[in-house]
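In: The sequence and its predicted three-dimensional model are supplied below.
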Amino acid sequence: MGKKLIEDVAMPTDARVNVEQAFGVMERRGCAKEDLDYLRSIISDKVIYDFSGYSGITTFLAISSKPDEKNLCVKICDTPHQLERSYVMLNLMSKYSLFPSVTEYISTNKDYLVTEAIESPMALNVFDDFRSLSSFMGRALRHFHDIQWNIASMTELEKHFISSKTSSILPEALSHENGLRFLAQYQNDFDYGAMKEYLKKYQKDYLEDEVMIHGDFNPRNVFVKDDNLVAVVDLDDTCFGDRHYDIYFSMWTVALYSGILDNLELVKECENIFLDSYGREKIDQRRMDYCKKLTCMYWQEHNDIRGLI
Ligand SMILES: Nc1ncnc2c1ncn2[C@@H]1O[C@H](COP(=O)(O)OP(=O)(O)O)[C@@H](O)[C@H]1O
Ligand SMILES: [Mg+2]
């Protein structure tokens, strides 16, 4: 693999923005006056940072200078109801530690989700080498997978969102024309037709719904304090699924963010550290191989690498 993939990626910049500029952008975007009035009432006295990724959803963090006032995270999306699943999942998961609480969900001509902002830094900004990041992420993902969900106490809507996502992952992967080029390059596998055939053939043997998977367990969605996992965000892809899907995808994002994808030896070392830290007793190589292809086909080409971060 000759090419350093990280050079193809413009990393998100988490920039401080002027309050008036931020509201100016929202007005031009067509946000309704009463929704903007509400947002003004809760964030205009705070310092605002734009943390938007590339998913098309705007994310602002609003940080207060008053010690007794809550900091907020505001997500805005142009498609009505698109944040509803995130809202329902967060409401469910905020009963467990590790997840921010929900302040408000508004669905009008746009969707708005206001939550508590996590005050600790994200893993990406804490570890400065791939070995410590990999070790942390492996341990953090295991912690997430070990959460015991009380399914009996879930509402019908919560169960509906979880099961519909679980059952849509494979059909969606099979419906895509291409897999994600960056992931295929890393796997050295561009035969998308063969990947789909394999996914269909071994679905029953290798794909299991055994834990709640996060779906996008990358170092920007995970927060750290004193070397421990303190919070997890971005629950849009969370559902019951195969742990190997999360493991493979997370290992790949660690290598991606660390800028080592062009060095196979370092990638191998990164994966070994991750798996040791996660706990190898839980790893089944056949299911890992299956989930490699599933991940590649699920994240379709046109999303590009930016859809992941
Ligand atoms: N509650 C929160 N507290 C602090 N930071 C957050 C919070 N939610 C999101 N962020 C930051 O904003 C970034 C983008 O938000 P995220 O929910 O991951 O949306 P997406 O990745 O779909 O754009 C995250 O990577 C994270 O760094
Ligand atoms: Mg994210």
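Out: Cool, got the structure. Residues are numbered from 1 along each chain as shown. Ligands and ions are numbered 1, 2, ... in the order given.
In: so, in contact with ligand 2 or not, stretch 101-118?
Out: No: counting by C-beta under 5 Å from the ion, ligand 2 has no neighbours in stretch 101-118; the shortest distance is 12.3 Å. Any C-beta I mention is one placed from the backbone N, CA and C, and that applies to glycine too.
In: List the buried residues for that stretch?
Out: By neighbour count on 16 or more other C-beta atoms under 10 Å, the buried set for stretch 101-118 is 102, 105-107, 110-118.
In: Check stretch 32-45 too.
Out: Within stretch 32-45, the residues scored as buried using 16+ other C-beta under 10 Å are 35, 39, 43.
In: what does stretch 65-84 give?
Out: Applying a neighbour-count criterion of 16+ other C-beta under 10 Å, one finds 72-77, 82-84 buried in stretch 65-84.
In: before we move on, what about stretch 278-288?
Out: Applying 16+ other C-beta under 10 Å to stretch 278-288 flags 278, 287-288 as buried.
In: tell me the mean pLDDT over it?
Out: Averaged across stretch 278-288, pLDDT comes to 97.
In: how distant is that stretch from the center of its chain?
Out: Put simply, stretch 278-288 sits 21 Å off its chain's centre (C-alpha atoms, centre = their mean, to the nearest Å).
In: got a list of contacts for it?
Out: For stretch 278-288, contacts defined as C-beta atoms under 8 Å, 6 or more residues apart in numbering pick out 138-139, 141-142, 205-208, 242-244, 247-248, 275.
In: would you list the buried residues of stretch 32-45 in JSON lines and tack on pLDDT and distance to ligand 2?
Out: What follows is these, written out as JSON lines (pLDDT from 0 to 100; distance: C-beta to the ion, whole Å):
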{"residue": "D35", "pLDDT": "96", "distance to ligand 2": "23"}
{"residue": "L39", "pLDDT": "96", "distance to ligand 2": "21"}
{"residue": "I43", "pLDDT": "92", "distance to ligand 2": "20"}
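In: per the record, what domains does this protein have?
Out: As assigned by automatic domain parsing, the chain contains the domains 5-116, 123-308.
In: Can you tell me which residue is spatially central in this protein?
Out: Centroid-nearest residue in the chain: D216, 3.1 Å away (criterion: C-alpha atoms, centre = their mean).
In: returning to what we had before: mind checking which of the contacts of stretch 278-288 are buried?
Out: The neighbour count (16+ other C-beta under 10 Å) marks 138-139, 141-142, 206-207, 242-244, 247-248, 275 as buried among the contacts of stretch 278-288.
In: quick one: buried residues of the helix or strand harbouring R286?
Out: Using DSSP states H and E, R286 maps to helix 285-298. Buried residues in helix 285-298, counted by 16+ other C-beta under 10 Å: 287-298.
In: Which single residue of the chain approaches ligand 2 most closely?
Out: Residue of the chain nearest ligand 2, by C-beta to the ion: D234 (3.7 Å).
In: my guess is that residue contacts D216, does it?
Out: Yes: between D234 and D216 there is a contact under C-beta atoms under 8 Å: 5.6 Å.
In: Give me the common contacts of the two.
Out: Residues touching both D234 and D216 by C-beta under 8 Å, 6+ apart: none at all.
In: Off-centre distance for the host helix or strand of K204?
Out: K204 belongs to helix 192-206 when elements are defined using DSSP H and E. Relative to its parent chain, helix 192-206 has a centroid offset of 25 Å by C-alpha atoms, centre = their mean.
In: do stretch 243-257 as well
Out: Relative to its chain's centre, stretch 243-257 lies at 11 Å (C-alpha atoms, centre = their mean).
In: Is there proximity between it and ligand 1?
Out: No: under the criterion of C-beta under 6 Å from any ligand atom, stretch 243-257 makes no contact with ligand 1; the nearest approach is 11.4 Å.
In: For the stretch 51-200 of the chain, just list every one of the strands.
Out: Listed in chain order, the strands of the stretch 51-200 of the chain (DSSP state E, counting those that start in this stretch) span 58-63, 72-77, 102-107, 111-116.
In: buried residues in the helix or strand containing F223?
Out: Secondary-structure assignment from DSSP H and E places F223 in strand 222-225. Of all the residues in strand 222-225, those buried under the rule 16+ other C-beta under 10 Å are 222-224.
In: next structured bit after it?
Out: strand 228-232.
In: mind saving the C-alpha coords of that next one as PDB?
Out: C-alpha atoms of strand 228-232 as PDB (Å, rounded to 0.1, in the frame of the first residue of the first chain):
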ATOM      1  CA  ASN A 228     -10.700   6.200  31.600                       C
ATOM      2  CA  LEU A 229     -13.700   6.300  29.300                       C
ATOM      3  CA  VAL A 230     -16.200   8.900  30.600                       C
ATOM      4  CA  ALA A 231     -18.600   9.400  27.800                       C
ATOM      5  CA  VAL A 232     -19.700   8.200  24.400                       C
END
